[in-house]
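*Asks:* Need coordinates for the following:
(one chain, ligands or ions: 2)
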Amino acid sequence: MTITGTGRISDQRIDKIVPLTTPALLRHELPLDETLVSAVVEGRQAVTRVLDRADDRLLVVVGPCSVHDPAAALDYAARLRDIAGRLADDLLVVMRVYFEKPRSTVGWKGLINDPALDGSGDVNTGLRTARSLLVEVLRMGLHVGCEFLDPITPQYIADTVAWGAIGARTVESQVHRQLASGLSMPIGMKNRSDGNVATAVDAIRAASVPHVFPGIDVSGAPAIMHTRGNTDGHVVLRGGRGGPNYDAAAVADALRLLREAGLPERLVIDASHDNSGKDHRRQPLVVADVADQLAAGQRGIVGVMLESFLVAGRQELDPTRELVYGQSVTDACLSWDQTEGVLTKLADAVRARRARRAVGQTLA
Ligand SMILES: O=C[C@H](O)[C@H](O)COP(=O)(O)O
Ligand SMILES: C=C(OP(=O)(O)O)C(=O)O
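*Replies:* Ligands and ions are numbered 1, 2, ... in the order given. Below you'll find the predicted structure:
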């Protein structure tokens with residue numbers, strides 16, 4: 001549609017505008033039944049209880065860096081569901097089902113933006129594929145975690161999500177803090193990509209209060225959103241350009257920043273990204289250090305994030321070659337076997353922390 005008289009001054013750099021399906025239509029096509037609604041509510045409540053330390057388990061957000069092949073993601077989900085069940089006394093597992101990739105410069109922006117992986121940008125198919133996969137993963141009995149990058153997409157998928165993230169590149173953005181203030185699930189705020197943690201603490205404070213801002217409603221119409229504020233914010237330490245921030249000293253620094261801001265002293269450690277230098281082989285080393293901190297009684301660490309898929313490492317998106325099934329096309333991931341080992345180690349550490357606390361309580 002052209003507004004009369006604006007032909008030479010508007011849309012000078014827009015190539016084409018394609019209609020987008022509405023959130024209401026997509027949610028009508030791919031609804032959550034009552035069982036799934038209850039599962040999402042229970043998932044969010046379970047995450048909140050871990051964050052509040054009313055539950056002494058460890059939240060583990062684990063899964064591929066990005067979903068590019070729904071079949072492989074479901075294959076992964078089936079394995080994760082089994083081990084999540086086996087370790088459920090110690091770990092609250094949430095599957096990373098990430099569809100939106102923030103890029104440092106340019107690169108594939110994720111399955112919602114480009115489901116065909118070829119730059120054709122069929123967002124309608126991307127949203128449908130993403131929601132359909134989310135519903136399947138919920139049906140399998142797993143909780144789901146996503147990063148929210150585009151301020152419009154939550155209306156299409158957020159009803160399925162138990163844990164959300166605001167990423168390192170957007171944690172300073174007012175738009176994303178406002179968005180977080182209205183999201184229905186707990187939100188992890190990553191430290192900034194240069195390593196600054198204070199910005200994530202600021203983000204938690206900003207998102208915890210009500211905001212008013214323009215958005216879209218479920219019918220897709222422009223709407224003024226009046227949010228209530230999200231009090232389930234927490235920091236995610238992911239390292240930064242200067243190096244990692246998962247060790248005991250970095251954890252103590254981050255907890256101090258939270259304390260000084262009058263916020264709950266709790267955080268999640270991302271074993272990937274700049275905590276591993278994006279080398280998947282370093283994630284188990286990060287986990288070993290975190291496990292030692294847990295076993296030593298550190299209660300400020302309430303969760304861990306892992307990037308893991310079926311096959312170790314990563315591959316380039318190369319249209320001339322067939323992709324390796326179950327291997328990341330964004331950041332390098334742990335293999336399935338490595339993931340099992342790492343999850344078992346974390347469960348052991350949680351048991352050690354629990355035992356230590358029980359002894360402390362007995363002595364007291
Ligand atoms: O998690 C994935 C990546 O780290 C993030 O999308 C940034 O990737 P890039 O620096 O390769 O663009
Ligand atoms: C992009 C991600 O992380 P970060 O924002 O920490 O780079 C991610 O977890 O996929």
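*Asks:* ranges for the strands of the stretch 101-250 of the chain?
*Replies:* Per DSSP state E, counting those that start in this stretch, the stretch 101-250 of the chain carries strands over the ranges 143-147, 163-166, 187-190, 212-216, 222-226, 234-237.
*Asks:* Is it possible to get CSV of those strands that adds mean neighbour count, mean pLDDT and distance to T330?
*Replies:* All C-beta spots, glycine's among them, are computed from the backbone N, C-alpha and C. Supplementary listing: the strands of the stretch 101-250 of the chain in CSV, determined by neighbours: other C-beta atoms under 10 Å; pLDDT from 0 to 100; distance: least, C-beta to C-beta, whole Å:
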stretch, mean neighbour count, mean pLDDT, distance to T330
strand 143-147, 26, 98, 12
strand 163-166, 27, 99, 15
strand 187-190, 29, 99, 16
strand 212-216, 15, 98, 27
strand 222-226, 11, 98, 30
strand 234-237, 27, 99, 17
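*Asks:* now for the ones you listed, which one comes closest to ligand 2?
*Replies:* strand 187-190 (4.3 Å; C-beta to the nearest ligand atom).
*Asks:* Which residues of the protein lie near ligand 1?
*Replies:* Contact residues, the chain versus ligand 1 (C-beta under 6 Å from any ligand atom): C65, K101, P102, R103, S104, G107, H273, T330, D331.
*Asks:* ok so, going back, now tabulate the strands of the stretch 101-250 of the chain in TSV and tack on distance to E29.
*Replies:* What follows is the strands of the stretch 101-250 of the chain, written out as TSV (distance: least, C-beta to C-beta, whole Å):
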stretch	distance to E29
strand 143-147	18
strand 163-166	23
strand 187-190	27
strand 212-216	18
strand 222-226	22
strand 234-237	33
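*Asks:* out of those, nearest to L32?
*Replies:* Proximity to L32 (C-beta to C-beta) singles out strand 143-147 among the strands of the stretch 101-250 of the chain, at 11.4 Å.
*Asks:* Render the CA-only coordinates of that closest one in CSV, please.
*Replies:* What follows is strand 143-147, C-alpha atoms only, in CSV (Å, rounded to 0.1, in the frame of the first residue of the first chain):
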residue,chain,number,x,y,z
HIS,A,143,10.1,-27.5,28.9
VAL,A,144,11.2,-25.0,26.3
GLY,A,145,13.7,-22.1,26.3
CYS,A,146,14.1,-19.4,23.6
GLU,A,147,15.9,-16.1,23.1
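*Asks:* starting at the chain centroid, how far to that strand?
*Replies:* Distance of strand 143-147 from the chain centroid (C-alpha atoms, centre = their mean, to the nearest Å) equals 5 Å.
*Asks:* Show me the contact partners of that strand.
*Replies:* 39-40, 43, 46-47, 61, 63, 92-100, 102, 134, 137-138, 157-158, 160-167 (C-beta atoms under 8 Å, 6 or more residues apart in numbering).
*Asks:* Among the residues you listed, which lie within helices?
*Replies:* Counting by DSSP state H, the contacts of strand 143-147 place A39, V40, G43, A46, V47, L134, V137, L138, I157 in helices.
*Asks:* Which residues lie in contact with the nearest residue to the first one once chain neighbours are set aside in this structure?
*Replies:* When you say that, I think you mean A39. Nearest residue to A39 in three dimensions, chain neighbours excluded: L138, at 5.7 Å (C-beta to C-beta, 6 or more residues apart in numbering). When contacts are counted by C-beta under 8 Å, 6+ apart, L138 touches L32, L36, A39, V40, V144, T160.
*Asks:* Extract the C-alpha trace of stretch 102-109 and format it as PDB.
*Replies:* Extracted in PDB, the C-alpha atoms of stretch 102-109 (Å, rounded to 0.1, in the frame of the first residue of the first chain):
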ATOM      1  CA  PRO A 102      21.500 -12.200  16.800                       C
ATOM      2  CA  ARG A 103      24.600 -11.800  14.600                       C
ATOM      3  CA  SER A 104      27.700  -9.800  15.400                       C
ATOM      4  CA  THR A 105      27.700  -8.600  11.800                       C
ATOM      5  CA  VAL A 106      25.900 -10.800   9.300                       C
ATOM      6  CA  GLY A 107      25.000 -14.400   9.000                       C
ATOM      7  CA  TRP A 108      22.000 -16.800   9.000                       C
ATOM      8  CA  LYS A 109      19.500 -15.200  11.400                       C
END
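*Asks:* and that stretch, is it in reach of ligand 2?
*Replies:* Yes: using C-beta under 6 Å from any ligand atom, stretch 102-109 comes into contact with ligand 2 via P102.
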